[in-house]
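1. okay, predicted coordinates and the sequence, questions at the end:
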Amino acid sequence: MQFNSTILGIESSCDDTSSAIIKNGKIKANIISSQDVHRKYGGVVPELASRAHQANIIPVIDQTLKQSETAVEDLDAIAVTQGPGLMGSLIVGFNTAKGLSLSLNKPLIGVNHLQAHVSALYIEHEVVFPMICLLVSGGHTQLLLVEDHFNYKIIGNTIDDAIGEAFDKGAKLLGLGYPGGPQISKFAVLGEPRFTFPDAKTKDLDFSFSGIKTSLLYFLKKELEKDSGFVQNNLNDICASYQHSLIEMTAKRLIKSIQENSPKSISLVGGVSANLLLRKITQEIGMKNNLPVYIPSVQYCTDNAGMIAMAGSLLFEKGEFLSLDSLPFTRS
């Protein structure tokens with residue numbers, strides 16, 4: 001698809017403040033400011049997140065404009081995450097985008113955060129449709145049937161927790177740091193998946209991760225009653241087993257979705273798509289089914305404004321703009 005626009009993208013849905021410039025479909029700058037304040041709490045504290053966004057957003061945008069050598073007058077539109085996300089965090093980015101739109105007399109584009117994760121694929125790939133997309137993040141786990149750049153439908157969803165939340169909870173139970181995914185993966189590569197955790201019995205292509213978290217809790221409690229040093233002595237294997245179970249649960253549904261929908265390609269997006277084992281398994285599934293596999297570079301997997309800017313470019317071509325009285329939303 002051809003693009004003829006310069007878009008500023010702004011992302012502030014959770015705990016990363018980010019802005020990006022995309023010119024004619026090419027990312028020229030993608031700046032991300034992460035918030036370390038949440039690590040000691042083992043999870044994102046909404047009030048602290050919104051305060052950090054307020055402090056970071058203008059410097060981040062300024063750095064983005066300078067790095068991309070873009071003058072604000074050259075922008076064609078402002079694209080911003082409208083939701084879902086944490087309301088306090090969303091408001092900071094959304095109101096900043098509104099202010100820029102009003103002062104520069106440039107169109108305002110509202111971007112669905114989940115659609116933006118899919119749009120991250122288009123930054124580096126010319127994809128073949130229809131495509132099955134596995135979206136895995138801290139707040140969402142979904143299977144999407146993507147018909148083209150603008151049309152998709154959810155064919156599988158989590159009925160409770162997301163896979164990213166399961167990683168975070170597992171890391172907390174094991175006394176590891178936050179975010180949990182990278183921590184568990186770090187130890188998992190040194191271990192073997194010799195412990196088993198049950199898969200959820202869900203209908204169709206839906207996911208459920210609340211049960212495996214409870215299973216890990218009871219498993220650790222039982223083993224620690226017998227040996228107080230069990231976690232310390234078996235940490236690598238526990239992490240490898242827990243990660244293996246989570247990814248196996250996810251891969252099983254991806255395979256089933258391919259069988260039921262006969263796509264021409266598959267893809268993996270979202271923060272958890274940075275997991276090396278999940279990337280490897282997804283590539284193997286594609287090879288076994290003779291399907292091309294698209295996975296963004298790691299910098300476009302986690303929350304970032306590059307994907308917001310790309311989604312904004314697509315919406316700009318369609319002429320889909322927001323009025324200045326529009327509001328952010330917390331649920332998709």
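-> That came through fine.
2. neighbours of the nearest residue to N304 once chain neighbours are set aside, how many?
-> Excluding the flanking residues, the one nearest N304 by Cβ to Cβ, 6 or more residues apart in numbering is S18, at 5.0 Å. Glycine gets a C-beta too; all of them are placed from N, C-alpha and C. S18 has 29 neighbours, counted by other Cβ atoms under 10 Å.
3. all the strands of this structure, in order from the start?
-> Using DSSP state E, the strands of the chain run over residues 6-11, 16-23, 26-34, 77-83, 108-112, 131-136, 141-146, 152-157, 265-269, 293-294.
4. between these, which one is nearest to K98?
-> strand 108-112 (6.4 Å; Cβ to Cβ).
5. circling back to that earlier point, can you put the strands of the chain in TSV and add mean pLDDT and distance to T196?
-> Below are those laid out as TSV (pLDDT from 0 to 100; distance: least, Cβ to Cβ, whole Å):
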stretch	mean pLDDT	distance to T196
strand 6-11	98	38
strand 16-23	97	35
strand 26-34	95	35
strand 77-83	98	38
strand 108-112	98	37
strand 131-136	98	21
strand 141-146	98	21
strand 152-157	96	23
strand 265-269	98	24
strand 293-294	98	28
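6. make CSV out of these and add distance to K203.
-> Output for these, formatted as CSV (distance: least, Cβ to Cβ, whole Å):
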stretch, distance to K203
strand 6-11, 34
strand 16-23, 34
strand 26-34, 37
strand 77-83, 27
strand 108-112, 26
strand 131-136, 18
strand 141-146, 13
strand 152-157, 10
strand 265-269, 22
strand 293-294, 27
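7. show me how far the lengthiest helix in the chain is from its chain's centre.
-> When the chain is parsed with DSSP state H, its longest helix is helix 230-261. Averaging C-alpha positions (Cα atoms, centre = their mean, to the nearest Å) puts helix 230-261 18 Å from its chain's average.
8. packing partners of it?
-> Applying 3 or more Cβ pairs under 8 Å, 6 or more residues apart in numbering; DSSP states H and E, one finds that helix 230-261 contacts strand 131-136, strand 141-146, strand 152-157, helix 163-173, helix 180-188, helix 210-226, helix 276-288.
9. I'd like the ones you listed written out as TSV, with distance to C301 and mean neighbour count added.
-> Converted to TSV, the helices and strands packed on helix 230-261 look like this (distance: least, Cβ to Cβ, whole Å; neighbours: other Cβ atoms under 10 Å):
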stretch	distance to C301	mean neighbour count
strand 131-136	9	26
strand 141-146	14	24
strand 152-157	18	17
helix 163-173	11	24
helix 180-188	11	20
helix 210-226	22	14
helix 276-288	9	16
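10. what is the burial count for the nearest residue to S119 once chain neighbours are set aside?
-> Leaving aside its chain neighbours, S119 sits nearest to A311 (3.9 Å; criterion: Cβ to Cβ, 6+ apart). Residues near A311, counting by other Cβ under 10 Å, number 28.
11. so for A52, which of the helices and strands packed on helix 230-261 sits nearest?
-> With Cβ to Cβ, the closest approach to A52 among the helices and strands packed on helix 230-261 belongs to helix 163-173: 19.0 Å.
12. what's the angle from that closest one to strand 131-136?
-> On the basis of axes from the mean of the first three to the mean of the last three Cα atoms, to 10 degrees, helix 163-173 is oriented at 30 degrees to strand 131-136.
13. so how far is helix 163-173 from its chain's centroid?
-> Distance, centroid of helix 163-173 to centroid of chain: 15 Å (Cα atoms, centre = their mean).
14. how about the nearest residue to F129 once chain neighbours are set aside, phi and psi?
-> Closest residue to F129 in three dimensions, ignoring its sequence neighbours and counting by Cβ to Cβ, 6+ apart: D148, at 5.2 Å. Backbone torsions of D148, given as degrees, to the nearest 10, read phi -160, psi -170.
15. how many other residues sit next to D148?
-> Neighbour count of D148, defined by other Cβ under 10 Å: 11.
16. look up how far Q115 lies from it.
-> 13 Å (Cβ to Cβ, to the nearest Å).
17. swap in I7?
-> Per Cβ to Cβ, I7 is found 15 Å from Q115.
18. do the same with E47
-> Plainly put, E47 is 27 Å away from Q115 if you go by Cβ to Cβ.
19. who's more crowded, those two?
-> Each of E47 and Q115 has its neighbours counted (other Cβ under 10 Å); Q115 has more, 20 against 10.
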